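Chemist: Structure of the sequence below:
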Amino acid sequence: MSTLVSCVLLAAAAVTNAGAATFEPTRLDDPPRGKCKPRDCSLREAIEAANDRVGRDRILLDKGTYRMEQVPVPGTASNKDGQFYPSDGVTIRGLGPRKTKIDANHLDRAFSVATLAPKTVIEGVTIREGDASADPEHPNAGGGLFITGEDVVLRDVVVKDNQAQFGGGIKAAGDQLTIVNSTIIVNQGQEGGGIDLRANFVQPDVQIRSSTISGNTAQNGGGVMVDGTAAGGQVAPILFVENSTIALNFAFTSAGGVAGGQNAIVVLDNTTVASNGADADGVGGGLAGGIFQGNNASFQLTDSVLALNTVGDSGSGPACHGEFEGAGSLVDASGSNPNCNFVGLFQPDTTTTPMIGSLEDNGGPTKTIKLLSGSPAIGIALGCPNKDQRGKPRPDTGCDAGAFERKGP
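Modeler: Just a heads-up that it's a prediction; the model follows:
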């Protein structure tokens, strides 16, 4: 079926189906916003058309790079220019991150997602080159995505090469954010290079599954910053990470991998935190190459691997800083870890030879770190999801710690 015929049929379906509409942009550029017509529709115009309808619509993207070109106008906060601004429930679906890209062209952050209801889903795309500092009219936060919506899902998404003061890749303070089979890579921020999570009036609940956070940098919280600092009536966020890899992120001061502070709740389950670094510039006296807990945060490391993280000569605690619960986990005890305290009934296994590989393509939609033959992480987990990060089945008992299952059923 030709693109023209397809668009005409979809437009007709939109008229007759009051519950949902489907829009297919026909152009990759970003002209001044007009109507989304069957033969002439940009991504911005498709989002606007979906915003104008009550209910959850679909925007189907083709192969190519959808490039932001409308420079943000001071005093506006809409979908008219700058950031793409879905404000009503919508699914934006591409053909996969390698085929479909949304490029903010350094003009603004790429997306501001503020939908109240229903769910917003973005899937099968790369979101790149966002810069939240380019528009002084809004907070310098969320270079790729600034999320305040009630229920947002990122699935099979790459968030890459974005920057902001808070949350180079993603800044989230909405009610529910779910990230699945996605990669947050090479983003930059002052706090939370990859992801920055903050308190809100309804407790933010962020779940990350089968995803990789790598190559991000920040002053603090190179990979992820979970900050529960709250004003009156606000509640600290919850972060749950399962079957995921957090690797090769760097903080110039503290928390190369993940930071949790100010009453935040952080749970890493069957997750590999490896080869991250703090005090990356060697002058900051930073803490915690891998994970950081402070200021009454609750931080659990369950059935996970914490290994090969580093800290500069002026810092301390290459693996971690703070107090953690550590059931079924493997912790690399090489180097000096005077600030790393595990509490609870089940203490982690410690070793100076974790025997893990490097971050690479081991199958599945995202890169992982394999367990090498003889790794002490093999078979020590107390319980695991049915499959590992790659989608490989895990055994019912005696599964491996971390995101990579070597033993199998």
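
Chemist: Going by C-alpha atoms from here, please, whenever you check contacts or count neighbours.
Modeler: Fine.

Chemist: Pull out the buried positions in stretch 400-409.
Modeler: Buried residues in stretch 400-409, defined by neighbour count with 16 or more other C-alpha atoms under 10 Å: 400, 401, 402, 403, 404, 405, 406, 408.

Chemist: any idea which helix or strand comes after the helix or strand that contains residue 146?
Modeler: If you go by DSSP states H and E, residue 146 is part of strand 145-147. Next helix or strand after strand 145-147 toward the C-terminus (DSSP H and E): strand 151-160.

Chemist: what does that next one contact?
Modeler: When contacts are defined by C-alpha atoms under 8 Å, 6 or more residues apart in numbering, strand 151-160 is touched by residues 96-97, 115-129, 144, 169, 174-187, 365.

Chemist: Quick check: ChimeraX command selecting the buried ones in those.
Modeler: Listed next is the ChimeraX selection for buried residues among the contacts of strand 151-160, using 16+ other C-alpha under 10 Å:
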select :96,97,115,116,117,118,119,120,121,122,123,124,125,126,127,128,129,144,169,174,175,176,177,178,179,180,181,182,183,184,185,186,187,365
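
Chemist: Looks to me like residue 50 is in a strand.
Modeler: No - if the criterion is DSSP: H, G, I helix; E, B strand; the rest coil, then residue 50 is helix and not within a strand.

Chemist: distance of it from residue 21?
Modeler: 8 Å (C-alpha to C-alpha, to the nearest Å).

Chemist: So for those two, which sits in the more crowded spot?
Modeler: Comparing residue 50 with residue 21 by other C-alpha atoms under 10 Å, the one with more neighbours is residue 50, at 26 against 23.

Chemist: ok, now which ones touch the closest residue to that one other than its chain neighbours?
Modeler: Closest residue to residue 50 apart from its sequence neighbours, by C-alpha to C-alpha, 6 or more residues apart in numbering: residue 57 at 6.0 Å. The neighbourhood of residue 57, defined by C-alpha under 8 Å, 6+ apart, consists of 20, 21, 22, 23, 50, 89, 90, 91.

Chemist: next one: residue 268
Modeler: Counted by C-alpha under 8 Å, 6+ apart, residue 268 has contacts 240, 241, 242, 300, 301, 302, 304.

Chemist: who's the third one bridged to?
Modeler: In this structure, residue 242 bridges to residue 209, residue 269 when assessed by DSSP bridges.

Chemist: I'd assumed residue 270 was in contact with it.
Modeler: Yes - between residue 242 and residue 270 there is a contact at 5.6 Å, judged by C-alpha atoms under 8 Å.

Chemist: which of those two has more neighbours?
Modeler: Counted by other C-alpha under 10 Å, residue 242 and residue 270 do not tie: residue 270 has more neighbours, with 34 against 26.

Chemist: who's in contact with the more buried one?
Modeler: By C-alpha under 8 Å, 6+ apart, the neighbours of residue 270 are 242, 243, 244, 302, 303, 304, 305, 384, 401, 402, 403.

Chemist: Out of the residues you listed, flag the one nearest to residue 35.
Modeler: Lowest distance from residue 35 to those (C-alpha to C-alpha) belongs to residue 244, with 41.1 Å.

Chemist: Which stretches in the chain count as helices?
Modeler: Counting by DSSP state H, the segments of the chain that form helices are 3-16, 43-51.

Chemist: Quick check: the residue nearest to residue 50 vs residue 405, distance?
Modeler: 38 Å.

Chemist: quick revisit: farthest-apart pair in the contacts of residue 57, please.
Modeler: Applying C-alpha to C-alpha across the contacts of residue 57, the maximum distance is between 23 and 89, 13.5 Å.
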